[in-house]
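Enquirer: Here is my input, please return the structure:
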Amino acid sequence: MERPLPGGTRGILRARTGLERFHVERIAPSGTLAPFVANFWVLRWDLRGRPPHRQQVLTRPSVHMTFTSYLTAETTRARIVGVVRDEFTEEISGEGRVVGAAFRP
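Expert: Model (predicted):
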């Protein structure tokens, strides 16, 4: 019997495979931000010496603001993404993290 998936994996397609390559954590906003922010999330990975991983996600209908740090490539990126109507695919490699905020619709 397979173990249940941890909380916070909703929307991650093939989550068991993904969780072998990355860790995701969802954090509730403080009371003053709760009317505007559904949750904060942090994605971390360390694939040094392993092939890149392409992960597909079905996002909730909300705007996400993300800050990405690819530690081994020494690059960062910030972006705001609106409602995505299809699955969203992101490729991760090396070592890095993404910190994001999912805003309430």
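Enquirer: residue boundaries of the helices in the chain?
Expert: Counting by DSSP state H, one finds helices in the chain at the ranges 15-18.
Enquirer: ok, now how distant is residue 24 from residue 76?
Expert: As for residue 24, its distance to residue 76 is 19 Å (criterion: C-beta to C-beta, to the nearest Å). Backbone N, C-alpha and C define where each C-beta goes, glycine included.
Enquirer: Pull the contacting residues for the nearest residue to residue 76 once chain neighbours are set aside.
Expert: In space, and not counting its chain neighbours, residue 76 is closest to residue 69: 5.2 Å by C-beta to C-beta, 6 or more residues apart in numbering. Taking C-beta atoms under 8 Å, 6 or more residues apart in numbering, we find residue 69 in contact with 75, 76, 96, 97, 98.
Enquirer: Show me what the third one is bridged to.
Expert: What that stands for is residue 96. residue 45, residue 70 (DSSP bridges).
Enquirer: follow-up on the earlier one: comparing residue 24 and residue 76, which shows the higher neighbour count?
Expert: residue 24 (20 against 11; other C-beta atoms under 10 Å).
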